[in-house]
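Visitor: Just a sequence and a predicted model for now, questions to come.
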Amino acid sequence: MNIVYPILFGIGSILLIIAAFTHRSSTDLSRYGIKTTAKVVDNIPKFDNDGDVTYKSVLQYRDEFDNAHLWSTKVSSNPPMYKTGKEVEIYYDPSDFNRIRVKSFWGLYRATILLLIFSAPFLIISIGYFAYYYSNR
């Protein structure tokens with residue numbers, strides 16, 4: 001048996017396990033976190049080496065004690081994800097004010113979906129090889 005396919009299976013399995021943990025984390029935050037409305041106060045430009053610009057949205061929200069907090073999105077885009085002044089629903093963890101997710105499908109499950117997309121080829125190729133290898137023994 002070729003050593004490459006068990007390694008591919010291992011990589012795919014690790015990505016799948018990480019996807020399960022990120023899904024659980026997002027689901028727990030949406031279930032047990034505090035839902036509130038945040039307002040987009042700024043879009044910070046970010047320049048790459050070619051001079052192209054993308055924008056990270058900065059959101060301001062208030063916790064349950066009416067304290068204001070700022071948080072910037074992890075993803076930058078052009079055009080900006082949200083216009084300045086727009087209100088966005090978010091979930092946050094009251095014990096960790098940096099653990100925030102925008103209340104949307106991609107806001108909650110983007111990491112999970114990307115990890116599943118990356119793990120699928122590794123698993124499909126390695127499982128296909130194992131099925132072929134063991135059926136022809």
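Guide: Structure's in. What do you need? Numbering: from 1, shown residues only.
Visitor: Downstream of the worst-scoring helix or strand of the chain on mean pLDDT, the next helix or strand is which one?
Guide: Ranked by mean pLDDT, DSSP states H and E, the weakest helix or strand in the chain is strand 96-102, scoring a mean of 88. For strand 96-102, the following helix or strand on the C-terminal side (DSSP states H and E) is helix 105-135.
Visitor: That next one versus strand 96-102: what angle between them?
Guide: Using axes from the mean of the first three to the mean of the last three Cα atoms, to 10 degrees, the direction of helix 105-135 lies 80 degrees away from that of strand 96-102.
Visitor: picking that back up, each with direction, which strands does the least confident helix or strand of the chain pair with?
Guide: Sheet partners assigned to strand 96-102 using DSSP bridges are listed as strand 87-93 (antiparallel).
Visitor: Buried residues in the strand it pairs with, which are they?
Guide: Buried residues in strand 87-93, counted by 16 or more other Cβ atoms under 10 Å: 88, 90, 91, 92, 93. In short, each C-beta sits where N, CA and C put it, glycine included.
Visitor: any idea which of the residues you listed is closest to residue 67?
Guide: Closest to residue 67 out of the buried residues of strand 87-93 is residue 92 (11.6 Å), distances taken as Cβ to Cβ.
Visitor: May I have the residues that are in contact with the nearest residue to residue 59 once chain neighbours are set aside?
Guide: Computed as Cβ to Cβ, 6 or more residues apart in numbering, the closest residue to residue 59 that is not its neighbour in sequence is residue 38, at 3.9 Å. Shown in contact with residue 38 (Cβ atoms under 8 Å, 6 or more residues apart in numbering): 59, 60, 61, 71, 87, 88, 89, 90.
Visitor: Find the residue at the geometric middle of this structure.
Guide: Closest residue to the average C-alpha location of the chain: residue 111 at 2.9 Å, with Cα atoms, centre = their mean.
Visitor: ok, the closest residue to it other than its chain neighbours - how many residues close by?
Guide: Sequence neighbours aside, residue 22 is the residue nearest to residue 111 in space, at 4.5 Å (criterion: Cβ to Cβ, 6+ apart). Neighbour count for residue 22, taken as other Cβ atoms under 10 Å: 19.
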